[in-house]
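1. Build me a structure from this.
(2 chains)
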There are 2 protein chains.
Amino acid sequence: MSALGEFDLIAAYFTRPVQRAVLGVGDDCALLAPGHGMQMAISSDMLVEGRHFLSTVAPDRLGHKALAVNLSDLAACGARPVAFTLALSMPRVDEAFLAGFSRGLLALADAHGCELVGGDTTQGPLNICITVFGEVPAGQALLRSGARAGDHLYVSGTVGDARLALEAFRGTAALSGDTFERVRLAMEQPQPRVTLGLALRGVASSAIDISDGLLGDLRHVLRRSGVAAVIDADALPRSADLSAQPVALRYECGLAGGDDYELLFTAPASHAARVAQASRETGVPVTRIGRIEQGAGVRVVDHTGAEVPMTFGAFDHFKS
Amino acid sequence: MSALGEFDLIAAYFTRPVQRAVLGVGDDCALLAPGHGMQMAISSDMLVEGRHFLSTVAPDRLGHKALAVNLSDLAACGARPVAFTLALSMPRVDEAFLAGFSRGLLALADAHGCELVGGDTTQGPLNICITVFGEVPAGQALLRSGARAGDHLYVSGTVGDARLALEAFRGTAALSGDTFERVRLAMEQPQPRVTLGLALRGVASSAIDISDGLLGDLRHVLRRSGVAAVIDADALPRSADLSAQPVALRYECGLAGGDDYELLFTAPASHAARVAQASRETGVPVTRIGRIEQGAGVRVVDHTGAEVPMTFGAFDHFKS
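-> Residues are numbered from 1 along each chain as shown, chains lettered A, B, ... in the order given. Predicted coordinates:
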């Protein structure tokens, strides 16, 4: 952990008094004291320009998103955010960028009580690597491996807006100015479902966050759980903006959109009321979109029960 | 934590069965269960080509070094390595590179019982970000803030060879082939002093690892401890290769070299025998190079006691 020369300046934007950590920024290591009986949940994500964000993104939104995608991993585990490290490579010290980036980053960190405890800054192509730490009582983490035949399949919030924004940037979807700004916000400033993840401990049987598209991420759950799923594509929760799009685009954005950072989870049918309660208590909408079956793979149907042909591949961020 | 498309291939090089972790690679988060009464020491370092390593480095040495610089931070805290995450950005999937890189990385990880528990792979300019986790009994971490007037100042191993190698790469030092290979190894494959760090718990009053040059890193300790130091530049432990160089180069490499990854630490004079014992038990040479005084700043003298003029700045890796 070192910051050198003019890059010492960068540290000034990210150094604040220690909150819950035993030791924060400025020594060889940070020190965390996990609570008794707690396990540490750890996730690390690296964001690269042109792949995970566009050069047009406002710095404060980028700071928000860099932490949000990591908090979303904690949410999918049902872990409470505790702390994070930030490693940042930048071509040059750009104070306007740093001011905005740190503002967006630290605002989200504060909202979740997640403390910046260390990291690294260096000169190089723009690259943001955050590693986040959360606490979860031993044995209570939500895993990808717990889905069972008969479980209901749910998703939080709405899906597909981030992909719709990307299609607008690509010029393959024409949106009004208001619609564009709304879906762009979904892409650039996702809200990690941390409170919902915590409320689903002991309720959900499996969970994952949707970063690479609903179908692709669902397949991770199915493989690790050894089960199959059937989804009603018309049951997918969509914004009014996405609902106004042609059916093919609607399906593609919703099913293979990517960058949603909603929770996709399963729960036994007997937990339906508890799922609804978790949704109410956290204010996060939850929609039942299908069920888990014996077997392998995903079958997608429409509201008439007819199979929807899957002509699109998995979302590969900005390169698909 | 996601790996997409052809980058799934990368994950194959880094995925192994879980060892000590509760949950390893392949879920939203990894899960670690810290021992009772243990604190988690965390450090994160980002390595960028041309700044932290040269394009000529062999992949296995780079894999080694990427983890070594992080383990060195744990060593400086007196923490026992437990696990790490790896985030890797690469321009393209290069299997020869990945095979060598993962071999060097995992060999060092195995030597220290440090388990790869997760991470991220993406396409982009070459960038390696490792976050490492260690355990230390609560209250026993070695900090930068504990040096006191009267303490002895020590350094492990030898210092300056890595910088000598860099000067040879730069063409400002002419070395024989054998010498070049030896100092190049010091630069490219540093040995983190983990066992010494553990043995110094309860013995050293402060510690730091030398990544940015002995003087620069010493100043971090002095500032945080509120003390001054005097160093005998001729007491600095040097390899025979460095000792054969002109005096100005010897001083510069030893005092401001960077990339040494040795431990620089202080201990009360009354602990001198325990320091010697820690050195013997771990087989890591330790040399007393100065003392801590009241005041601020560093004074460097030679073996006659005459002040050595400091005409060189802090080491700024490959850009100085």
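
2. can you list the residues that contact stretch A:265-285?
-> Contacts with stretch A:265-285, where a contact means CB atoms under 8 Å, 6 or more residues apart in numbering or on different chains, come from A:142, A:146-148, A:150-158, A:193, A:195-196, A:199-200, A:203-208, A:221, A:237, A:286, A:288, A:292. Backbone N, C-alpha and C define where each C-beta goes, glycine included.

3. List the contacts of the residue nearest in space to the middle of chain A.
-> Among the residues of chain A, the one closest to the centroid is A:Tyr261, at 3.1 Å (CA atoms, centre = their mean). The contact partners of A:Tyr261, taken as CB under 8 Å, 6+ apart, are A:68-69, A:72, A:190-193, A:209-211.

4. Start from the N-terminal end of the stretch 151-300 of chain A and give the helices.
-> Assigned by DSSP state H, counting those that start in this stretch, the stretch 151-300 of chain A shows helices spanning A:161-170, A:177-188, A:194-199, A:214-225, A:240-243, A:247-256, A:272-282.

5. Show me which residues of the stretch 101-250 of chain A sit near chain B.
-> Residues of the stretch 101-250 of chain A lying near chain B by CB under 8 Å from any CB of the partner chain: A:117-120, A:122-125, A:127, A:129, A:131, A:133-134, A:136, A:138, A:141, A:143-145, A:207-209, A:211-212, A:224.

6. give me that answer again for 7 Å
-> By CB under 7 Å from any CB of the partner chain, the residues of the stretch 101-250 of chain A that approach chain B are A:117-120, A:122-125, A:127, A:129, A:131, A:138, A:141, A:143-144, A:208-209, A:211-212.

7. which of those are buried?
-> Buried members of these, scored by 16 or more other CB atoms under 10 Å in any protein chain shown, are A:117-120, A:122-125, A:127, A:129, A:131, A:141, A:143-144, A:208-209, A:211-212.

8. among those residues, which are in strands?
-> A:117-120, A:122-123, A:127, A:129, A:131, A:208-209 (DSSP state E).

9. Can you lay out these as JSON lines showing distance to A:Thr15?
-> As requested, those are arranged in JSON lines below (distance: CB to CB, whole Å):
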{"residue": "A:Val117", "distance to A:Thr15": "11"}
{"residue": "A:Gly118", "distance to A:Thr15": "10"}
{"residue": "A:Gly119", "distance to A:Thr15": "10"}
{"residue": "A:Asp120", "distance to A:Thr15": "13"}
{"residue": "A:Thr122", "distance to A:Thr15": "16"}
{"residue": "A:Gln123", "distance to A:Thr15": "19"}
{"residue": "A:Asn127", "distance to A:Thr15": "20"}
{"residue": "A:Cys129", "distance to A:Thr15": "18"}
{"residue": "A:Thr131", "distance to A:Thr15": "18"}
{"residue": "A:Ile208", "distance to A:Thr15": "34"}
{"residue": "A:Asp209", "distance to A:Thr15": "30"}
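
10. now, the most widely separated pair of the residues you listed?
-> A:Gln123 and A:Ile208 (35.8 Å; CB to CB).

11. Least confident secondary structure element in chain A?
-> Least confident helix or strand of chain A, by mean pLDDT, DSSP states H and E, is helix A:8-14 with a mean of 71.

12. can you give me how far the lengthiest helix in chain A is from the chain middle?
-> Counting residues, the longest helix found in chain A (DSSP state H) is helix A:59-77. Relative to its parent chain, helix A:59-77 has a centroid offset of 6 Å by CA atoms, centre = their mean, to the nearest Å.

13. Excluding covalently adjacent residues, which one is nearest to the residue nearest to the centre of chain A?
-> Take A:Tyr261 and drop its neighbours on the chain: the residue closest to it by CB to CB, 6 or more residues apart in numbering or on different chains is A:Pro190, 3.9 Å away.

14. Could you look over the helices of the stretch 151-300 of chain A and pick the most buried one?
-> Highest mean neighbour count of these: helix A:194-199, a mean of 24 (counted as mean count of other CB atoms under 10 Å in any protein chain shown).

15. contacting residues around it?
-> The contact list for helix A:194-199, computed with CB atoms under 7 Å, 6 or more residues apart in numbering or on different chains, reads A:71, A:74-78, A:80-81, A:112, A:142, A:156, A:207, A:263, A:278, A:281-282, A:284.

16. swap in stretch A:97-113?
-> Here stretch A:97-113 makes contact (CB under 7 Å, 6+ apart) with A:10, A:13-14, A:58-64, A:66-68, A:71, A:81, A:115-116, A:194.

17. Of the residues you listed, grab the buried ones for ChimeraX.
-> In ChimeraX, this line selects whichever of the contacts of stretch A:97-113 come out buried by 16+ other CB under 10 Å:
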select /A:10,13,14,59,60,61,62,63,64,66,67,68,71,81,115,116,194
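
18. still on that earlier bit, pull up the gap between the residue nearest to the centre of chain A and A:His64, please.
-> Per CB to CB, to the nearest Å, A:Tyr261 is found 11 Å from A:His64.

19. try A:Asp178
-> Here the criterion is CB to CB. By it, A:Asp178 lies 21 Å from A:His64.

20. Which strands border whatever helix or strand comes next after the longest helix of chain A, and is each parallel or antiparallel?
-> The element immediately downstream of helix A:59-77 (helix or strand, assigned by DSSP states H and E) is strand A:80-90. Here strand A:80-90 has these sheet partners by DSSP bridges: strand A:115-123 (parallel), strand A:127-137 (antiparallel).
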